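1. coordinates for the following, if possible.
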Amino acid sequence: MLDINVVKAVLFDMDGTLVTSDAAVERAWMAWAAEYGVDGATAFEIAHGRPSEPTVRTLLPHLDEPSTAVAIARQLELQYDDLSDVAAMPGAHELLALLDRRGLPWAVVTSADVRLAKARLGAAGIAAPTLVTSDDVPVGKPDPAGYLRAADLLGVRPTDCLVVEDADAGLEAARKAGSYTAALRGLDGDLRLGSLDDLLTLFRSERP
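-> Below you'll find the predicted structure:
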């Protein structure tokens, strides 16, 4: 098992990791898919852990650039407007408070754009000291650009960071960055977490 004491910073995915936004994300993709005549379940599956733009391009490769831009904007609009059941994941506030008390830097790295990220984090009552969104990098997950940028902003080597993720695309990005991984939803990582409470327990037990 990973020795948690080697970790110098923690980088969190947002949706499904720090924030319980799965239902809102699914509703938005299902509504968008119905409007554009594509399979909703397929759209939601492809979108998990990835920015909206490449997902829309994958699903609607026949559209010209202006029509693609409209489709992307519509998908994001549906997500902006749906915060009704967005909340912090169980254990999130306690874990982040512990990291702050220990002086261990942390950041949120998300495939959402800055407007959506701030809306969902705000709804969850989470104030990220460092936030990297799809607006900050040229390519989204599974490219490592977001995690590399977050590590740079925190002044920590990517190889000293622990990335907490719930999606294969995000875990792939973390591995490409050379970071340690903590995986939720039964996925494989250096640490396999049932919930954020598992990570909270590790930090409580292994850091002075």
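2. going by C-alpha atoms from here, please, whenever you check contacts or count neighbours.
-> Fine.
3. whichever strand or helix holds residue 69: how far from the chain's middle?
-> Using DSSP states H and E, residue 69 sits within helix 65-80. In terms of CA atoms, centre = their mean, to the nearest Å, the centre of helix 65-80 is found 20 Å from the chain centre.
4. which residues are contacting whichever helix or strand comes after that helix?
-> Next along the chain after helix 65-80, taking DSSP H and E as the criterion, comes helix 92-102. Contact with helix 92-102 is made by 18, 105-106, 126, 196-197, 199-200, as judged by CA atoms under 8 Å, 6 or more residues apart in numbering.
5. then stretch 129-139?
-> Under CA under 8 Å, 6+ apart, the answer for stretch 129-139 is 51, 106-114, 117, 140, 145-146, 149-150, 153-154.
6. which of those residues count as buried?
-> 51, 106-114, 117, 140, 145-146, 149-150, 154 (16 or more other CA atoms under 10 Å).
7. from those residues, which ones fall inside strands?
-> Per DSSP state E, strands hold the following members of the buried ones among the contacts of stretch 129-139: 106-109.
8. export those residues to TSV and tack on pLDDT and distance to residue 204?
-> Shown next, in TSV, are those (pLDDT from 0 to 100; distance: CA to CA, whole Å):
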residue	pLDDT	distance to residue 204
106	98	16
107	98	19
108	98	21
109	98	24
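9. show me what the helix or strand harbouring residue 25 is packed against.
-> Counting by DSSP H and E, the element that carries residue 25 is helix 22-36. In terms of contacts (3 or more CA pairs under 8 Å, 6 or more residues apart in numbering; DSSP states H and E), helix 22-36 is packed against helix 40-47, helix 65-80.
10. in that helix, what counts as buried?
-> For helix 22-36, burial by neighbour count (16+ other CA under 10 Å) applies to 22, 24-30, 32-33.
11. can you name the two of those that are farthest apart?
-> 22 and 33 (16.2 Å; CA to CA).
12. neighbours of residue 71, how many?
-> 21 (other CA atoms under 10 Å).
13. also residue 66?
-> Neighbours of residue 66 using other CA under 10 Å come to 8.
14. next one: it from residue 35, what distance?
-> The gap separating residue 66 from residue 35 is 17 Å, by CA to CA, to the nearest Å.
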